[in-house]
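>>> 3D, please:
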Amino acid sequence: MTDTARQTETQPKPGVLVKLAALQAVATALIGLILLYFFDLREAVSAVLGGGIAIVMTLFMALRLFSAHRVALIRDVSAQETLIRFYLSVILKVLFTLVMMAMCLIVIKVSVLPFIIAYLMAAMVVNWLSLLWLDHD
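Here you go, the predicted structure:
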């Protein structure tokens, strides 16, 4: 098998992660619109910021993982190196999430409940439901 055929055969499909981020964006927008209708702008903005953090972190992980895959295709990378890169990516994701949440809570002074609910809806519930909705071929 040629290198080009191997690269094409093993190339992951970033489309699934883009669809996941789009679903997260739709859920975040819906939560924001519902809160705007029933409450006020502060709660809606808080929800959009909470969901936005989840979206940014999904895209961050996607970029880290797909860039790691490209590196693995170019040079021989051990399983240990791949696992270390994955763990480092997860640690960075958690740290960046905490920093962004702290900035929103302390600096912007968002409304806490809508902020946390929208984050959890975008980060957890949409991810779980995407396992049923998205085509993972």
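>>> At the geometric centre of this protein, which residue do we find?
Central residue of the chain (C-alpha atoms, centre = their mean): Thr58, 1.3 Å from the mean position.
>>> Hmm, Leu20 and that one touching each other?
Yes - look at Thr58 against Leu20 with C-beta atoms under 8 Å: they come within range, at 6.0 Å. C-beta here means a position set from N, CA and C on the backbone, and glycine is covered the same way.
>>> Toward the C-terminus, what is the element adjacent to the helix or strand encompassing Phe86?
Using DSSP states H and E, Phe86 sits in helix 79-102. Next in sequence after helix 79-102, counting helices and strands by DSSP H and E, comes helix 112-120.
>>> what's the single longest helix in this protein?
Longest helix in the chain by number of residues (criterion: DSSP state H): helix 41-74.
>>> mind listing what's buried in it?
Neighbour counts over helix 41-74 (16 or more other C-beta atoms under 10 Å) mark 43-58, 61-62, 64-65, 68-69, 72 as buried.
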